[in-house]
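Q: below is the sequence, then the predicted model.
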Amino acid sequence: MPANRTLLEAFYRLRDGIMPKGTKRRNRAKNILLKYYRIRDKLPRWAQTDSHITPSDTVSGNGNDYVPLRTEDPVETTIKLIAFYLPQFHPIPENDKWWGKGFTEWINVTRATPQFKGHYQPRLPGELGFYDLRIPEIMERQVELARLYGLSGFCFYYYWFGRKKLLDMPLNQFLSNKKLDLGFCLCWANENWTRRWDGYEQDILISQKHSPEDDLAFIKEISLIFKDKRYIRVDGKPLLIVYRPSLLPDPEATAKRWRDYCHTNGIGDIYLAMTFSFDMMDPSEIGFDAAIEFPPNNQPAPQISKNMKILNKDFKGIIYDYRYYVRASRNYKKPDYTLYRSVMPSWDNEARKPGRGAVFAMSSPDLYKEWLSNAYRYTENTFES
């Protein structure tokens, strides 16, 4: 098997009856295969298929959650739809050290189990399978799918820790492949990395090193990316998103340093946006241009845990009502600052926090469609271009 083939490819070959070469690789693939079937066999009969189609009687909503792949021409839209892009679907040495050899988000995905009746877990992948972002064809197909469904771009989470970058291989791969004709931008995930998943939030794996010097090093690094013709701009300005600006010692001073650097070095002005992940404020108070919703954060939905039939007697998570967001989207209020609406088809972090997850139940494609349609109309009515 060529060096760039992954263990997951060996898994799929083994599942399809093709034995991978190499005893060690074959044995590891067997272990994954056995774990896969052990998980699958614990699920209700409807989930014991490789297509992982959700049944009509789940709390995800009325009707089947599976939607066939679109066969028509790509969707054309008058607004830009941007999807946040998590790049943690390939191994890196740091995650090997912190979480175990070969760790990716797929490790979390496969260990999730239903916590209540109708709980759609594990959420196993569809067309692309347990993909590895080191394989260039994966991102090429992701771009094809994005364009097919009307997306204008990916917003890559950018992991920078005082000049140390993590999980940047997918972005670098995107930058080097000019055939990927999709817009993109960056969201600096400027938090410390901790063992939050294991409940040890104070156990820091790698920390941020915020300082005036780091501000300049950061903008110098990413300003080169702004020059890519595919980079998303707002009113001609490169869009830079910061996940939690309140973690910066002086976010307004940081914004000024970034703008001054870009003006001095031929970039021109930049468009700074913050997410409403944890912070909620008028972005102009810190020198930013706009805010971006980040559901479900900062949008408290009603809890419905007591209404569900819990399967795991030790379940300590919380179950929320997804329908709250759809109802709220019917009456969007325009704030006094620039706010971009966001949507989510569903949300469930049970995979990262087994038995302790936050689950938004009652979602369905029809409800997501209504929420997306409402956000779309709000955007058309609020912004001139």
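A: Happy to help now that I have it.
Q: could you dump stretch 345-354 to PDB, C-alpha only?
A: Only the C-alpha atoms of stretch 345-354 are listed here, as PDB (Å, rounded to 0.1, in the frame of the first residue of the first chain):
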ATOM      1  CA  PRO A 345     -28.400  21.900  10.500                       C
ATOM      2  CA  SER A 346     -28.100  20.200  13.900                       C
ATOM      3  CA  TRP A 347     -25.700  20.200  17.000                       C
ATOM      4  CA  ASP A 348     -24.500  17.400  19.200                       C
ATOM      5  CA  ASN A 349     -21.200  17.200  21.000                       C
ATOM      6  CA  GLU A 350     -21.900  13.800  22.600                       C
ATOM      7  CA  ALA A 351     -19.000  12.400  20.600                       C
ATOM      8  CA  ARG A 352     -16.500  14.700  22.400                       C
ATOM      9  CA  LYS A 353     -18.200  14.400  25.800                       C
ATOM     10  CA  PRO A 354     -19.600  10.900  26.100                       C
END
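Q: so which bits of it are buried?
A: Using 16 or more other Cβ atoms under 10 Å as the test for burial, stretch 345-354 gives Ser346, Trp347, Asp348, Glu350, Ala351, Arg352, Lys353, Pro354. C-betas here are computed from N, CA, C, even on glycine.
Q: for these, work out which two are farthest apart.
A: Ser346 and Pro354 (18.0 Å; Cβ to Cβ).
Q: pull up the gap between the residue most central in space within the chain and Arg330, please.
A: Nearest residue to the geometric centre of the chain (Cα atoms, centre = their mean): Leu86, 4.3 Å. Applying Cβ to Cβ, to the nearest Å, the value for Leu86 to Arg330 is 29 Å.
Q: can you list the helices and strands that the helix or strand where Tyr378 lies packs against?
A: Under the criterion of DSSP states H and E, Tyr378 resides in helix 365-382. On a contact count with 3 or more Cβ pairs under 8 Å, 6 or more residues apart in numbering; DSSP states H and E, helix 365-382 meets helix 323-329.
Q: what sits up against the helix it packs on?
A: 295-296, 299, 301-302, 341, 343-344, 362, 367, 370-371, 374-375, 378 (Cβ atoms under 8 Å, 6 or more residues apart in numbering).
Q: and the strands in this structure?
A: Ranges of strands within the chain are 82-85, 153-161, 164-166, 183-188, 193-195, 200-206, 233-234, 237-242, 271-275, 290-292, 318-321, 339-340, 347-348, 358-361, based on DSSP state E.
Q: Val359 reaches Gly118, doesn't it?
A: No: shown here, Val359 and Gly118 do not form a contact pair, counting by Cβ atoms under 8 Å, at 10.5 Å.
Q: have a look at these two and say which one is more surrounded.
A: Val359 (25 against 17; other Cβ atoms under 10 Å).
Q: and the more buried one, what does it touch?
A: Gln115, Phe116, His119, Gly317, Ile318, Ile319, Tyr320, Trp347, Asp348, Asn349, Glu350.
Q: residue contacts, the fourth one?
A: By Cβ under 8 Å, 6+ apart, the contact list for Gly317 reads Gln115, Ser305, Glu350, Lys353, Gly355, Arg356, Gly357, Ala358, Val359.
Q: ok, now with 6 Å
A: Residues in contact with Gly317 (Cβ atoms under 6 Å, 6 or more residues apart in numbering) are Arg356, Gly357.
Q: just the second one next, same as before
A: Under the criterion of Cβ under 6 Å, 6+ apart, the contact list for Phe116 reads Met308, Lys309, Ile310, Leu311.
Q: show the buried residues in those.
A: Met308.
Q: what's the most distant pair in the contacts of Phe116?
A: Met308 and Leu311 (9.3 Å).
Q: save the contacts of Phe116 as a markdown table, and put in distance to Met274 and pLDDT too.
A: As requested, the contacts of Phe116 are exported to a markdown table (distance: Cβ to Cβ, whole Å; pLDDT from 0 to 100):
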| residue | distance to Met274 | pLDDT |
| --- | --- | --- |
| Met308 | 34 | 96 |
| Lys309 | 40 | 96 |
| Ile310 | 37 | 97 |
| Leu311 | 39 | 96 |
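Q: nearest to Gly150 among the contacts of Phe116?
A: Closest to Gly150, out of all of those and judged by Cβ to Cβ, is Met308, at 33.9 Å.
Q: any idea how far Lys117 is from that closest one?
A: On the measure of Cβ to Cβ, Met308 and Lys117 end up 7 Å apart.
Q: what does Glu140 give?
A: Distance from Glu140 to Lys117, by Cβ to Cβ: 40 Å.
Q: cool, and Ala351?
A: Taking Cβ to Cβ, one finds Ala351 at 19 Å from Lys117.
Q: could you check how far the residue lying closest to Glu252 once chain neighbours are set aside is from Leu248?
A: Of all residues not flanking Glu252 in the chain, Gly287 sits nearest, at 4.2 Å (Cβ to Cβ, 6 or more residues apart in numbering). Remark: distance between Gly287 and Leu248 (Cβ to Cβ) = 11 Å.
Q: also Pro295?
A: Pro295 is 23 Å from Leu248, by Cβ to Cβ.
Q: check Arg259 too.
A: 14 Å.
Q: which residue ranges form the helices in the stretch 201-350 of the chain?
A: Using DSSP state H, counting those that start in this stretch, the helices of the stretch 201-350 of the chain run over residues 212-226, 251-264, 323-329.
Q: buried ones in the last one?
A: Judged by neighbour count using 16+ other Cβ under 10 Å, the buried positions of helix 323-329 are Arg323, Tyr324, Tyr325, Val326, Ser329.
Q: in CSV: those, plus pLDDT.
A: As requested, the buried residues of helix 323-329 are exported to CSV (pLDDT from 0 to 100):
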residue, pLDDT
Arg323, 97
Tyr324, 96
Tyr325, 97
Val326, 97
Ser329, 97
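Q: nearest to Val75, of those?
A: Ser329 (19.8 Å).
Q: distance of the closest one from Leu81?
A: According to Cβ to Cβ, Ser329 stands 15 Å off from Leu81.
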